[in-house]
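A.B. asks: coordinates only, no sequence provided:
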Ligand SMILES: [Zn+2]
């Protein structure tokens with residue numbers, strides 16, 4: 001069901017129909033979905049704000065994501081987890097899809113899946129839409145108001161929820177939007193003691209404590225079926241890098257990002273950790289690839305720069 005953002009009236013989505021046909025109008029109140037090219041706009045009033053992210057980071061990502069040690073093994077892990085934990089899924093929505101690199105990888109591996117990309121920032125959506133064409137439907141929306149019920153088999157949010165103050169509300173909205181028996185896949189930065197200036201530049205609201213995401217997912221109604229740290233083999237190097245780089249007197253803990261944003265960071269890493277020479281990238285990617293391989297074979301890592309969690313919405317709810 002799609003839900004009118006203004007009056008809350010629900011309407012069934014016909015098989016094969018877009019979630020939000022361009023120009024869709026609510027029968028109850030006349031609220032109309034906007035459009036920019038092929039992208040449906042549910043929350044155009046937030047489109048040009050920098051809420052939670054900086055638009056120009058997308059341009060940096062577009063250059064670096066293909067073979068970078070941070071992006072490439074992570075994509076591999078996401079595609080595997082989707083297949084492994086949700087083998088019967090027929091639809092997948094990524095919240096915070098950015099330029100669409102994860103969706104593009106899923107499109108390649110899973111021609112059977114209907115794909116939806118959601119993002120608050122139109123700049124990322126524009127590029128994702130160019131990249132995936134009609135293979136996915138793109139929606140500009142606020143993750144705090146997904147406006148769907150029992151509609152999508154799996155929703156993914158990878159390094160997104162930590163940008164949003166109301167993370168529990170986002171999880172509740174994800175719960176509402178997925179079908180009973182479906183679920184969600186989430187990745188977030190982990191360990192508040194790693195909090196650094198780069199978290200603030202990235203507008204992070206928090207890094208998660210161990211067990212925090214699982215607890216919040218259960219509170220939203222999910223059964224947690226998988227949880228592991230990620231970037232665990234590189235964790236000692238990462239922790240050392242953060243602790244050594246911290247200015248004297250700076251503490252750890254949650255803060256609200258403000259100020260200028262420089263390109264060159266990714267959510268788990270500081271810009272110094274992120275922008276590495278090609279030879280070092282090969283080594284780091286080798287380590288991350290090994291970790292992903294071990295994770296696929298059943299390893300659960302206790303500590304790491306990120307936390308991956310999968311949750312299922314019980315079939316009888
Ligand atoms: Zn309405």
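C.D. replies: Yes, it's here. Remember, predicted model here, so these are calculated numbers, not experimental data.
A.B. asks: can you report how many residues neighbour residue 34?
C.D. replies: Residue 34 has 17 neighbouring residues, counting by other Cβ atoms under 10 Å. Quick note: C-beta positions are derived from backbone N, CA and C, even for glycine.
A.B. asks: measure it to residue 46 for me?
C.D. replies: 12 Å (Cβ to Cβ, to the nearest Å).
A.B. asks: and this protein, which residues reach the ion?
C.D. replies: When proximity is defined as Cβ under 5 Å from the ion, the chain approaches the ion at 4, 6-7, 9, 26, 28-29, 31.
A.B. asks: is it true that residue 304 touches residue 227?
C.D. replies: No. Under the criterion of Cβ atoms under 8 Å, residue 304 makes no contact with residue 227, lying 11.3 Å away.
A.B. asks: which one's more surrounded, the two?
C.D. replies: The residue with more neighbours, out of residue 304 and residue 227, is residue 304; 22 against 18, by other Cβ under 10 Å.
A.B. asks: and the pLDDT for that one?
C.D. replies: pLDDT for residue 304: 94.
A.B. asks: that one belongs to a strand?
C.D. replies: No. Judged by DSSP: H, G, I helix; E, B strand; the rest coil, residue 304 forms no part of a strand; its state is coil.
A.B. asks: contacts only, for it.
C.D. replies: Applying Cβ atoms under 8 Å, 6 or more residues apart in numbering to residue 304 gives the contacts 190, 228-232, 235.
A.B. asks: 10 Å - rerun?
C.D. replies: Each residue near residue 304 by Cβ atoms under 10 Å, 6 or more residues apart in numbering is listed here: 189-191, 210, 228-235, 238, 268, 291.
A.B. asks: mind checking how far the helix or strand harbouring residue 243 is from the chain centre?
C.D. replies: Of the helices and strands defined by DSSP states H and E, residue 243 is found in helix 235-245. Here the centre of helix 235-245 is set off from its chain's centre by 24 Å, with Cα atoms, centre = their mean, to the nearest Å.
A.B. asks: next: stretch 155-173.
C.D. replies: Offset of stretch 155-173 from its chain centre (Cα atoms, centre = their mean): 8 Å.
A.B. asks: give me phi/psi at the residue of the stretch 101-250 of the chain found nearest the ion?
C.D. replies: Nearest residue of the stretch 101-250 of the chain to the ion, counting by Cβ to the ion: residue 147, 10.3 Å away. With angles defined as degrees, to the nearest 10, residue 147 sits at phi 60, psi 40.
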